[in-house]
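take this sequence and fold it.
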Amino acid sequence: MRSPFTDGRIRKRDNPTSIGEKIKHGELPFQATRRALGEELGIDHTEDYIGADTSFNVQVREPVISNSYPGLLTKRTIYTLDTYLTKRDFRPEGYREVQEDKTSIFKWIEFAPL
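Now for the predicted structure:
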């Protein structure tokens, strides 16, 4: 993922996951995942990919200093899953999420099933 900020800075991330999103208070993991697909990739029929019965891999991480709030400890629970986009949603040119301060650019490769 690449994020050009409106002030000209560029931040490249090499994440172990393709997209990621913080879970809002009161939100369930499947709801946050649907929101992430909608916000970051522009997919508006996220129920085709993620249901209430979706099974996630769960990792609980030890408390670390928060990046957002230096000096505060944060305990993270990471929910991951593999999701494969259909041809209808695959865009070879990538995806863009435009925000007030930056544009996030997602480049993907097509997965050919074995």
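
for burial, what's the neighbour tally of L41?
Neighbour count of L41, defined by other Cβ atoms under 10 Å: 20. For the C-beta atoms, the positions are set from N, CA and C on the backbone; glycine is no exception.

I'd guessed it sits against F90; true?
No. With contact defined as Cβ atoms under 8 Å, L41 and F90 do not form a contacting pair (10.1 Å).

checking my notes, G38 in a strand, right?
No. With DSSP: H, G, I helix; E, B strand; the rest coil as the criterion, G38 is located in helix rather than a strand.

quick check: closest non-adjacent residue to it.
Across the structure, with Cβ to Cβ, 6 or more residues apart in numbering as the measure, the residue nearest G38 apart from its sequence neighbours is T46 (5.6 Å).

with F5 instead?
Counting by Cβ to Cβ, 6+ apart, K102 is the residue found nearest to F5 once chain neighbours are left out, at 4.6 Å.

how near is the residue nearest to L28 when sequence neighbours are not counted to T33?
Of all residues beyond its chain neighbours, the one nearest L28 is A52 (7.7 Å), with distances taken as Cβ to Cβ, 6+ apart. Note on A52: its distance to T33, by Cβ to Cβ, to the nearest Å, is 11 Å.

neighbour count winner among these two?
Comparing A52 with T33 by other Cβ under 10 Å, the one with more neighbours is T33, at 24 against 8.

quick one: contacts for the residue nearest to that one when sequence neighbours are not counted?
Distances taken as Cβ to Cβ, 6+ apart place I50 nearest to T33, at 4.8 Å, with adjacent residues excluded. The contact partners of I50, by Cβ atoms under 8 Å, 6 or more residues apart in numbering, come to 30, 33-34, 37, 83.

now, of these, which are buried?
Under a neighbour-count criterion of 16 or more other Cβ atoms under 10 Å, the subset of the contacts of I50 counted as buried comprises 30, 33-34, 37.

farthest pair within those residues?
In the buried ones among the contacts of I50, two members sit farther apart than any others by Cβ to Cβ. They are F30 and L37, at 10.8 Å.

now the helices for this structure?
With DSSP state H as the criterion, the chain has helices at 29-41.

quick one: low-confidence parts of this structure?
Along the chain, the model assigns pLDDT under 70 to residues 1-4, 13-15, 108-114.
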